[in-house]
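**Student:** Sequence first, predicted coordinates after that:
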Amino acid sequence: MDLYGLIGYPLTHSFSKRYFTDKFIREKIKESSYDLYEMKTLDELPALLKKKTDLRGLNVTIPHKKDVIAYLDDLDDASAERIGAVNTIKIYADGSTKGFNTDYYGFRQSLTEWLDRRGESCSNFKALVLGNGGAAKAVQVALQDMHVEYLLVSRQKSDDCILYEELTEEIMSTYLLIINTTPLGTFPKTEECAAIPFQWVTKKHYLYDLVYNPAETLFLKKGTEQGAVTQNGLKMLELQAEKAWEIWTAEENLWSV
């Protein structure tokens, strides 16, 4: 049996288990299963890898995307190394591990497709990136590669980050693409929302929420009320999941050593 799974905390409402279980059935992928491995601390990871010798790959979610790097043998230069965060781990036949970041691919591809459907191009926008966690790192690198100027907004001020209360009408009218990378608004805490000044959101704005559950977060709902175009994170999630599967199942001959 080839095992795959998700590590993080909490894992109460996991997209990944449902997605991959359905995929295995739909595509008739035999002798494969996907499980949830809830862990408050990453100290539990080495024991999991030792115990579950059939593990071929893991997804990583909040809050472990950055800290998991210290537990891995190698990082993919093109994604995880640049981003400084891992959401996909490939486990090789000798037990060694390598970290990748498929959030980058999922975000970049879904953003490009979304704007293209609207007759827009990424190069026409400046972006506000809400949050400064692991998901935000992938978004930043993707925006850099797409040559999109962006400004980081967080609850904690730093050299490269402004506070929510520093968002002025001028900033809001200049940065028309607003990307929420925080978990605010995720089920069951659906009444939460990033504290941007929605009174300055207009029909020229595009609001992208990486949250996918619920389908319309309070962030997106408030944007819609102001006339903004909105998109949730479901397509990004599907794209990153397929990229993870590609990583796990490539070079299968490595398992014959």
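**Tutor:** That came through fine.
**Student:** remind me which residues of the chain are low pLDDT?
**Tutor:** 251-257 (pLDDT under 70).
**Student:** hey, where'd the strands end up in it?
**Tutor:** Along the chain, the stretches classed as strands by DSSP state E are 2-8, 32-38, 55-60, 74-75, 88-91, 97-100, 126-130, 149-154, 161-163, 177-180, 206-209, 229-231.
**Student:** In CSV, list the ones you listed along with distance to K66 and mean neighbour count.
**Tutor:** Using the backbone N, CA and C atoms, a C-beta is placed for each residue, glycine as well. As requested, the strands of the chain are arranged in CSV below (distance: least, C-beta to C-beta, whole Å; neighbours: other C-beta atoms under 10 Å):
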stretch, distance to K66, mean neighbour count
strand 2-8, 12, 21
strand 32-38, 18, 17
strand 55-60, 10, 24
strand 74-75, 12, 16
strand 88-91, 14, 24
strand 97-100, 11, 22
strand 126-130, 16, 23
strand 149-154, 15, 19
strand 161-163, 16, 15
strand 177-180, 19, 26
strand 206-209, 21, 26
strand 229-231, 26, 19
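**Student:** Mind putting those strands into TSV with distance to S16?
**Tutor:** Formatted as TSV, the entries for these read as follows, by distance: least, C-beta to C-beta, whole Å:
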stretch	distance to S16
strand 2-8	5
strand 32-38	7
strand 55-60	5
strand 74-75	21
strand 88-91	11
strand 97-100	15
strand 126-130	23
strand 149-154	26
strand 161-163	29
strand 177-180	20
strand 206-209	18
strand 229-231	20
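**Student:** out of those, nearest to R118?
**Tutor:** strand 229-231 (6.4 Å; C-beta to C-beta).
**Student:** what are the pairing partners of the closest one, and which direction each?
**Tutor:** According to DSSP bridges, strand 229-231 has the following sheet partners: strand 206-209 (parallel).
**Student:** now the partner strand: how far from the chain's centre is it?
**Tutor:** The chain centre lies 14 Å from the centre of strand 206-209; the measure is C-alpha atoms, centre = their mean, to the nearest Å.
**Student:** go on, stretch 226-233?
**Tutor:** Averaged over its C-alpha atoms, stretch 226-233 has a centre that lies 18 Å from its chain's centre (C-alpha atoms, centre = their mean).
**Student:** again, but for stretch 155-169
**Tutor:** Put simply, stretch 155-169 sits 22 Å off its chain's centre (C-alpha atoms, centre = their mean).
**Student:** buried stuff in it?
**Tutor:** Neighbour counts using 16 or more other C-beta atoms under 10 Å place 161-162, 167 of stretch 155-169 among the buried residues.
**Student:** which residues sit in contact with G133?
**Tutor:** For G133, the residues meeting the contact criterion (C-beta atoms under 8 Å, 6 or more residues apart in numbering) are 62, 65-66, 181-182.
**Student:** Try it again at 7 Å.
**Tutor:** G133 makes contact with T181, according to C-beta atoms under 7 Å, 6 or more residues apart in numbering.
**Student:** And it, how far from D94?
**Tutor:** Going from G133 to D94 by C-beta to C-beta, to the nearest Å gives 32 Å.
**Student:** My read is that G8 contacts K65, right?
**Tutor:** No. The pair G8 / K65 is not scored as a contact, 8.5 Å apart, by C-beta atoms under 7 Å.
**Student:** before we move on, the earlier item: compare the strands of the chain and give me the one nearest F20.
**Tutor:** Proximity to F20 (C-beta to C-beta) singles out strand 32-38 among the strands of the chain, at 3.9 Å.
**Student:** and the angle for the closest one with strand 2-8?
**Tutor:** 20 degrees (axes from the mean of the first three to the mean of the last three C-alpha atoms, to 10 degrees).
**Student:** what's the neighbour count on the spatially closest residue to T112 that is not a sequence neighbour?
**Tutor:** In this structure, T112 finds its nearest non-sequential neighbour in C122, 6.3 Å apart by C-beta to C-beta, 6 or more residues apart in numbering. A count of neighbours around C122, defined by other C-beta atoms under 10 Å, yields 19.
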